[in-house]
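Participant: Okay, sequence plus prediction incoming.
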Amino acid sequence: MFPEHFEAWANGPVSPALYSRHRGRFQLQPGEIAGDPDALDDGERESIDLVLASYGDFTANQLSQMTHQEKPWVFARERAGVATMARCDAELTDEDIFEHFDALVTATAHGEEG
């Protein structure tokens with residue numbers, strides 16, 4: 001949905017470009033980020049709704065802990081050969097991200113746990 005890439009930072013996946021724009025802000029209110037939600041197509045809107053429904057009630061710490069179990073972050077760090085909490089700028093691949101979340105959607109659709 002956007003061109004920024006994600007890196008496997010110690011606390012979880014981070015888009016450096018987005019991080020630099022919102023650094024130090026731990027909560028954002030509706031309207032604080034410019035954009036046009038009407039520009040989203042049905043698939044993009046569905047993706048956002050799924051993410052919010054699945055992850056919206058978790059704290060930042062819980063989300064960070066969850067990412068340490070998810071394959072895109074784990075694989076990027078393994079490819080870079082870094083320890084769990086070491087600094088790292090290895091990029092998560094689009095393929096790993098797609099496969100991980102596609103499997104979650106498929107499992108949810110079939111009533112399985114991810």
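Facilitator: Yes, it's here.
Participant: quick check: mean pLDDT across stretch 38-45?
Facilitator: If you average the pLDDT over stretch 38-45, you get 92.
Participant: Could I get the full set of strands for this protein?
Facilitator: Here the chain has its strands, by DSSP state E, at 7-9, 12-14.
Participant: buried set for the first one?
Facilitator: By neighbour count, and taking 16 or more other CB atoms under 10 Å as the criterion, the buried residues in strand 7-9 are Glu7, Ala8, Trp9. In this view, the C-beta of every residue, glycine as well, is placed from N, C-alpha and C.
Participant: so which of the strands of the chain comes closest to His110?
Facilitator: His110 sits nearest to strand 12-14 of all those, at 25.8 Å, using CB to CB.
Participant: for the closest one, packing partners?
Facilitator: Under the contact criterion of 3 or more CB pairs under 8 Å, 6 or more residues apart in numbering; DSSP states H and E, strand 12-14 touches helix 60-67, helix 71-80.
Participant: Make TSV out of the ones you listed and add distance to His22.
Facilitator: Shown next, in TSV, are the helices and strands packed on strand 12-14 (distance: least, CB to CB, whole Å):
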stretch	distance to His22
helix 60-67	13
helix 71-80	20
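Participant: Comparing these, which comes out most buried?
Facilitator: helix 71-80 (a mean of 18; mean count of other CB atoms under 10 Å).
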